[in-house]
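**Student:** no FASTA, just this:
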């Protein structure tokens, strides 16, 4: 099978697996234990914390390990609003469900009053629109760094600059951005930032919430006070070691990898357009992830395309975590994409191990599925 679904998840890099192996069958101690095995595990966790910090441009003590992106998003939103109940929360119409559903739940429970900011036809938020809805009681703005469906990069740094002047905290879900574009928390000016391990060649079930020094959060998982009291639970040493190794790899070759991914994406889109001139590409034409192609074959059914491709090519119709129903995603709806175009949308995303040959063969498989679907086969 050709794998062009890296925004859904990435394989574990063999170098990451090598770093993890000693902690699978050798170093098994609890990091909270005082004996040698515990100290070895603690040392590994703290080494990984430093690796993540170097990748994000922050201090190690600002890195909080979690179970993944969704938990990090929940901790950011709930952690802030639980300390400021009933205050105002701003987010966008194209956020990941981990943000949107959490924000909605907080509003329903009376823990927050929410404002959703719309996007333009490219899926981008206007910083002026965010600034206009800020209020004296606004506690938090949550704006994703890169959209998981169409790849559009949001003006997070500019939004954060304006929010900082108003004393408003800013969270960004950077799960799709880390490893594909530069992500530096100081340059972005954010207070909270989400990382998901399985989006950057680490294992599933591990993530990070960057918490700027001085930002106060209400813990959502209580227990023995792990992770500076912000996230109780014995640390997932195996996963944390993998995430640290993955972040170190990102820091080492990001510039070259970004250019390579963009060349593959452009090659993929060009081949699809050559075979289907009516192709529609979603997302910002310039400010988007280098690896992501959200493409539509108008008036065709993406569900039918996926069924024809299921055994040969891994792609998505919208974001993988939206379930197994094919319907116009909330992102495409927010962008104003017509239903007949939205319903024919596939997301193809290349990655570290994708080759040019795979891109060309993958495009040909898609075009054949398009031909069969159009013919009613």
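**Tutor:** Yes, it's here. Note that this is a predicted model, so its numbers are computed, not measured. Numbering: from 1, shown residues only.

**Student:** report the mean confidence score over stretch 281-296.
**Tutor:** For stretch 281-296, mean pLDDT is 97.

**Student:** pull out the buried residues from it.
**Tutor:** Residues of stretch 281-296 classed as buried by neighbour count (16 or more other C-beta atoms under 10 Å): 282-284, 287-296. In this view, the C-beta of every residue, glycine as well, is placed from N, C-alpha and C.

**Student:** wasn't residue 91 part of a strand?
**Tutor:** Yes - judged by DSSP: H, G, I helix; E, B strand; the rest coil, residue 91 forms part of a strand.

**Student:** list the contacts for it?
**Tutor:** 99-100, 103, 114-117, 141-143 (C-beta atoms under 8 Å, 6 or more residues apart in numbering).

**Student:** go again with 7 Å.
**Tutor:** Residue 91 is in contact with 99-100, 103, 114, 116, 142-143, counting by C-beta atoms under 7 Å, 6 or more residues apart in numbering.

**Student:** go on, residue 70?
**Tutor:** residue 98.

**Student:** now do the helix or strand hosting it, average pLDDT.
**Tutor:** Assessed by DSSP states H and E, residue 70 sits inside helix 69-81. Per-residue pLDDT over helix 69-81 has a mean of 98.

**Student:** helix/strand/coil for residue 333?
**Tutor:** helix.

**Student:** please name the nearest non-neighbouring residue to it.
**Tutor:** residue 342 (7.0 Å; C-beta to C-beta, 6 or more residues apart in numbering).

**Student:** that neighbour reaches residue 332, doesn't it?
**Tutor:** Yes - assessed by C-beta atoms under 7 Å, residue 342 is found in contact with residue 332 at 4.2 Å.

**Student:** any buried residues in stretch 107-116, and which?
**Tutor:** Using 16+ other C-beta under 10 Å as the test for burial, stretch 107-116 gives 111-113, 115-116.

**Student:** give me the contacts around it.
**Tutor:** 81-82, 85-93, 103, 106, 133.

**Student:** what does stretch 145-159 give?
**Tutor:** Taking C-beta under 7 Å, 6+ apart as the rule, stretch 145-159 contacts 7, 94, 96, 122-125, 127, 130, 141, 143-144, 170, 172-174, 176-177, 181, 183, 187-190, 282-284, 287-289, 292, 294, 318-319, 329, 331, 347.

**Student:** next, count neighbours for the residue lying closest to residue 196 once chain neighbours are set aside.
**Tutor:** Take residue 196 and drop its neighbours on the chain: the residue closest to it by C-beta to C-beta, 6+ apart is residue 69, 3.3 Å away. Other residues near residue 69 come to 27 when the count uses other C-beta atoms under 10 Å.

**Student:** what sits closest to residue 184 if chain neighbours are left out?
**Tutor:** Nearest to residue 184 is residue 57, by C-beta to C-beta, 6+ apart, at 3.8 Å.

**Student:** residue 56 now?
**Tutor:** That would be residue 185: by C-beta to C-beta, 6+ apart, it lies 5.3 Å from residue 56.

**Student:** show me what contacts the one you found?
**Tutor:** 56-58, 193, 210.

**Student:** which residues of the stretch 1-150 of the chain score low on pLDDT?
**Tutor:** For the stretch 1-150 of the chain, no stretch has pLDDT under 70.

**Student:** okay, strands next: where are they in it?
**Tutor:** Taking DSSP state E, counting those that start in this stretch, the strands of the stretch 1-150 of the chain run over residues 2-3, 63-66, 87-92, 112-117, 138-142.

**Student:** and those as TSV, adding distance to residue 263?
**Tutor:** Converted to TSV, the strands of the stretch 1-150 of the chain look like this (distance: least, C-beta to C-beta, whole Å):
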stretch	distance to residue 263
strand 2-3	18
strand 63-66	32
strand 87-92	30
strand 112-117	33
strand 138-142	32
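
**Student:** need the winner for burial among those strands.
**Tutor:** Mean neighbour counts were taken over those using mean count of other C-beta atoms under 10 Å, and the top value, a mean of 27, falls to strand 63-66.

**Student:** and residue 24, how far from residue 339?
**Tutor:** Residue 24 sits 48 Å away from residue 339, taking C-beta to C-beta, to the nearest Å as the criterion.

**Student:** neighbouring contacts of stretch 271-283?
**Tutor:** By C-beta under 7 Å, 6+ apart, stretch 271-283 touches 122-123, 150-152, 269, 293-298, 332, 335, 337, 341, 345, 360, 363, 366-367, 370.

**Student:** list the buried ones in that stretch?
**Tutor:** 271-272, 276, 279-280, 282-283.

**Student:** ok now it, how far from the chain's centre?
**Tutor:** 25 Å (C-alpha atoms, centre = their mean, to the nearest Å).

**Student:** then stretch 242-257?
**Tutor:** 16 Å.

**Student:** how near is residue 100 to residue 346?
**Tutor:** Counting by C-beta to C-beta - residue 100 and residue 346 are separated by 23 Å.

**Student:** which one's more surrounded, these two?
**Tutor:** Per other C-beta under 10 Å, whichever of residue 100 and residue 346 has more neighbours is residue 346, with 24 against 19.

**Student:** hmm, who's touching the helix or strand containing that one?
**Tutor:** Element membership for residue 346 (DSSP H and E) is strand 345-349. Applying C-beta under 7 Å, 6+ apart, the contact partners of strand 345-349 are 4-7, 149, 268, 282, 291-296, 302, 305, 315-318, 332, 366.

**Student:** out of those, which sit inside strands?
**Tutor:** 282, 292-296 (DSSP state E).

**Student:** want to throw those into a markdown table with distance to residue 199?
**Tutor:** Below are the ones in strands among the contacts of strand 345-349 laid out as a markdown table (distance: C-beta to C-beta, whole Å):
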| residue | distance to residue 199 |
| --- | --- |
| 282 | 20 |
| 292 | 12 |
| 293 | 17 |
| 294 | 16 |
| 295 | 21 |
| 296 | 24 |
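
**Student:** and which of those is nearest residue 232?
**Tutor:** residue 292 (35.5 Å; C-beta to C-beta).
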